[in-house]
Each structure stands twice: as C-alpha cells, then as structure tokens.
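Chemist: Attaching a predicted model along with its sequence, questions to come.
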Amino acid sequence: MTISTQPVLNIEDNFIITNDNTGPVDIFNDKGELVQHWDGVLDYIWARRHYTIPPGKSVQVPWDVVRVYFGDPRSVPDEFQQTVDYDGNKGDIPPRNKELSRLAGLYGLYDQGIHLLADNPKIANVTITTVGTPDSPPIEIFTPAVDPDGEVGIYGHRQSDEPNYDIASQLAELRTRNSQMEAQIAALAAVQTGRVDDETIGRDEPSLR
C-alpha cells in the first residue's frame, strides 16, 4: 500500500460539507436488516449548534464536525500523534483504527460493521472540501470513514517540535551558535594559559527562564 502526503489541515480552518443525497434513503445494518428509513437530511451538532444540510445543499462547518462525524483525516494506524494550534495549545490525534471503531459505534455498526462505514449514505453520499480562496481552490478531503487504510493519503498537521525550515532563521541561529562556540574556545584557551579560572567559562546548561 502506498500512502501519499496530503496538505496540512489546521483545526482553526472551516470546511464545506455537501449533501449529495437526492432524497430519502434506506439504511441497513451489517446483517442486511433495515434500521432506518432516513429522510436524507444531514444534521450535525457541535458546541450546541446544529448544522443541518438538506439533500443537494452545502454548509460551512468547523473542523470538529468533520473530525467527530467522519474521523480525523490526519490519523495514522496504531499511533497517537500530537498537534498544536496557532495559540500553542496541544491536542491529540488518535490512531486511525481507534477512529474507525468510534465511528462504527456512532453509526450503530460497531466493530463488526466497520467495513460498512463507507457504504452508509450519511458518509458515502457526502463531499467534504476546504473552503478555498481566490488563490487556493478548494481541496476535497478524504476521511477515515471513506478511506480507512489511508490509501488516498494521510493529511499533515502542525507540530510543536517541527524543525524550522526558514533559511533566514536557520542562518541567524547558526551565527549565534558560532559566536557562542568562539567565546567558549577563547575562554578555554585563556584557562590553559593561566589568565582566568574555570568559573569564567560559559557552560552548556539548560536555561531556567
């Protein structure tokens, strides 16, 4: 299985959910038994607010609606991950298999019916995209509910310990380190010639600030 890298998704972003159903739909369980004659209207609840989407309509929703009802598209199998928002608040990304088990329970299928998630009309007949801008067209998002193995791709997330790839910042950091090393070398040379004592040498110790 080849997993491609998809764009980074930020929890502060909003998304567009389109209800591709055309009307009422029958929903069956893993035994093929009719469990619901659904009217085709999607209704999500987050933070005490309803996001109602009739057939053929689209609604903008917050990130958590996508995560709760379709699974976190940034998740990977058998591994907890950590992400951070713009304010530095950290959050967890559950393993993909845990997300699938949760979704199966949410849709009344349970673990033995995980394979039926992608066929549920509340999932199969739904399109999720980023909002998009004039400079960045909308991107379709494939969640664990429709892509359980991550074959379409695993989406990136912001990490608190990501290396800094900005060239200007890297050069500034290297200059600072070089200056510190030069100062320590000079201090060590002074000790060897007897001009200063050990306490004047800068030490590589963690800051308490």
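Modeler: Perfect, thanks for sending it. Because the structure is predicted, anything quoted here is derived from the model rather than measured. Numbering: from 1, shown residues only.
Chemist: Domain map for this protein?
Modeler: What automatic domain parsing lists as the domains of the chain is 5-156, 167-200.
Chemist: Of the ones you listed, which stretch is the most buried?
Modeler: Among these, ranked by average contacts under mean count of other Cβ atoms under 10 Å, first place goes to domain 5-156 (a mean of 15). The C-beta positions use only the backbone N, C-alpha and C, and glycine is treated the same way.
Chemist: Do I have it right that N125 meets N19?
Modeler: Yes: contact criterion Cβ atoms under 8 Å: N125 and N19 qualify, at 7.2 Å.
Chemist: Tell me who's in contact with the residue most central in space within the chain.
Modeler: With distances taken as Cα atoms, centre = their mean, the chain has R74 as the residue nearest its mean C-alpha position (3.9 Å). By Cβ atoms under 8 Å, 6 or more residues apart in numbering, R74 lies in contact with 9, 81, 83, 93, 154-157.
Chemist: what's the answer for P55, then?
Modeler: P55 makes contacts with 19-23, 40-41, as judged by Cβ under 8 Å, 6+ apart.
Chemist: In TSV, list the residues you listed along with distance to V146 and pLDDT.
Modeler: Formatted as TSV, the contacts of P55 follow (distance: Cβ to Cβ, whole Å; pLDDT from 0 to 100):
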residue	distance to V146	pLDDT
N19	15	98
D20	12	98
N21	15	96
T22	19	95
G23	21	95
G40	18	96
V41	20	97
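Chemist: Determine which two of the residues you listed are furthest apart.
Modeler: Between any two of the contacts of P55, the greatest separation by Cβ to Cβ is 12.9 Å, found for D20 and V41.
Chemist: In this protein, what residue spans correspond to helices?
Modeler: Using DSSP state H, the helices of the chain run over 63-70, 96-106, 121-124, 167-192.
Chemist: quick check: angle from the first one to helix 96-106?
Modeler: To tie it back to what came earlier, the one meant is helix 63-70. Taking axes from the mean of the first three to the mean of the last three Cα atoms, to 10 degrees, helix 63-70 and helix 96-106 form an angle of 80 degrees between their directions.
Chemist: L34 versus S136, what's the distance?
Modeler: From S136 across to L34, the span is 43 Å (Cβ to Cβ, to the nearest Å).
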